[in-house]
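Peer 1: With the sequence up front, the predicted model follows.
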Amino acid sequence: REVLDWEISLIEKLGVEIKTGIKVGKDISLNELRKQFDAVFIGVGSGRGKKMGIPGEDLKSVYTAISFLMKANVDYVDDMLAPDVDIELPRNKKVAVIGGGFTAADCMYTSIRLGNETHLVYRRTRDTSSARQEEWDHLAEEGAILHWLTQPIEVIGNEKGEVVGLKCIKMELVPDEKGGRPKPVEVPGSEHIIECDAVIMAVGQGDNPLAYKDVEGLNIDKWNNLSTVDKKFRTNVEGIFAGGDVVNGGDTVVVAIRHGRDAAESIHEYLMTKEWKYGEE
C-alpha cells in the first residue's frame with residue numbers, strides 16, 4: 001500500500017487532477033466528458049467477476065474473486081461490480097477457491113491471512129496452471145491445501161441456504177489431437193465433497209460496459225471488449241483511446257501499464273496534429 005501511495009503521489013505531482021467517487025456512465029456520461037476534453041482514454045479494465053454456472057453458486061457465501069478481493073481491500077463493494085453479493089468476509093472458516101491463475105493465488109493468500117483453512121480446487125495440474133510455480137510453493141508454506149485435477153460440479157447448501165461443501169469430480173489430462181494444451185476429462189465415479197463454508201470463484205473476469213456503452217458507433221464485441229483498437233490505441237471513434245484489459249480481454253497489470261504509457265504518446269501526437277487516421281502506423 002505504501003508503494004501504491006507513492007506511485008499515486010508521483011502522478012499528482014505531474015499535475016494530474018484525480019476525481020474519485022464518480023461513476024462514468026451513471027454520474028457523468030462519456031459523451032459529456034468528450035465535450036469537455038479533446039481526448040479520452042478508456043482503461044476501465046475487466047472489473048466484473050464471473051461464476052461457473054453450476055448449481056448452488058447463488059448461495060450467499062459464494063463470491064466472485066473480484067468482489068472478495070475488493071471487499072478485503074476497501075470498505076464497500078460497488079453495486080455495479082457485484083450486485084448479487086451482500087458480502088461479509090469469511091474469517092476462521094473453511095474456504096474453497098476455484099481456479100489456477102494469479103487471481104486464484106491472490107484469493108488464496110488473502111483468505112489464509114483472514115484465518116481461514118483454505119483449499120485450492122483446479123481442474124488441471126500445477127504444471128499446467130497459469131500462475132508461476134513459486135506461487136504454489138509460497139502458498140503451500142502458508143498452509144494452503146491444493147487439490148489438483150479436481151473440477152467443481154455443485155456448491156452444496158443446507159436448509160438455511162448456507163454453504164456446507166463443494167461437490168467435485170476428479171479429472172485426468174488427455175493429449176490434444178492437434179498438439180495443443182492437454183484437455184481435462186472427468187474420471188467416472190470419482191465424485192466427492194470438499195467440506196467448506198464459503199466458495200470463491202477465481203475463474204475469470206468480464207468487462208462492464210457501463211462507461212462506454214452509450215457512445216454511438218463505438219465497436220464493442222460480445223464480451224464487452226472494445227474490439228476495434230489499433231496499434232496506437234485509437235478506437236474507431238475519433239478522440240477515444242483505450243487500453244488494458246478492456247481491449248485484450250484480460251492480462252497482467254504490467255501490460256496495462258505499458259498500454260497506458262504508449263497510449264499517452266499517441267494521445268500527445270493526436271493533440272498536436274488533430275489528425276485521426278485510424279489503423280495507420
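Peer 2: Cool, the structure landed.
Peer 1: phi, psi of the closest residue to residue 49 other than its chain neighbours?
Peer 2: For residue 49, ignoring the flanking residues on the chain, the nearest one in space by Cβ to Cβ, 6 or more residues apart in numbering is residue 64 at 2.4 Å. Where C-beta positions appear, they are placed from N, C-alpha and C, glycine not excepted. Summarising the backbone geometry of residue 64 under the convention degrees, to the nearest 10, its torsions are phi -80, psi 160.
Peer 1: Which strand residues bridge residue 64?
Peer 2: For residue 64, the beta-bridge partners under DSSP bridges are residue 201.
Peer 1: Go ahead and confirm it touches residue 47.
Peer 2: No. In terms of Cβ atoms under 8 Å, residue 64 does not count as a neighbour of residue 47; the distance is 10.4 Å.
Peer 1: Who has more neighbours out of these two?
Peer 2: When residue 64 and residue 47 are compared for neighbours, residue 64 comes out ahead with 26 against 18, by other Cβ atoms under 10 Å.
Peer 1: any idea how far the more buried one is from residue 163?
Peer 2: Counting by Cβ to Cβ, to the nearest Å, the gap between residue 64 and residue 163 amounts to 14 Å.
Peer 1: Repeat that for residue 45.
Peer 2: In this structure, residue 45 and residue 163 are separated by 28 Å, where distance is defined by Cβ to Cβ.
Peer 1: How about residue 139?
Peer 2: Using Cβ to Cβ, one obtains 22 Å as the distance from residue 139 to residue 163.
Peer 1: What of residue 156?
Peer 2: Taking Cβ to Cβ as the measure, residue 156 falls 7 Å from residue 163.
Peer 1: The stretch 101-250 of the chain: strands as residue ranges?
Peer 2: Listed from the start of the chain, the stretch 101-250 of the chain has strands (DSSP state E, counting those that start in this stretch) covering 117-121, 145-147, 150-157, 163-174, 183-186, 192-195, 198-201, 205-206, 240-242.
Peer 1: how about the second one: buried residues?
Peer 2: Of the residues in strand 145-147, 146, 147 count as buried by neighbour count, 16 or more other Cβ atoms under 10 Å.
Peer 1: Note down every partner strand of it and its orientation.
Peer 2: The partner list of strand 145-147 in its sheet, established with DSSP bridges, is strand 117-121 (parallel).
Peer 1: re earlier: compare residue 139 and residue 163 (neighbour count), which wins?
Peer 2: residue 163 (25 against 21).
Peer 1: What does the pLDDT read for that one?
Peer 2: Looking at residue 163, its pLDDT reads 97.
Peer 1: so who does it touch?
Peer 2: Contacts for residue 163 (Cβ atoms under 8 Å, 6 or more residues apart in numbering) come out as 56, 59, 60, 61, 62, 155, 156, 157, 196, 197, 198, 199.
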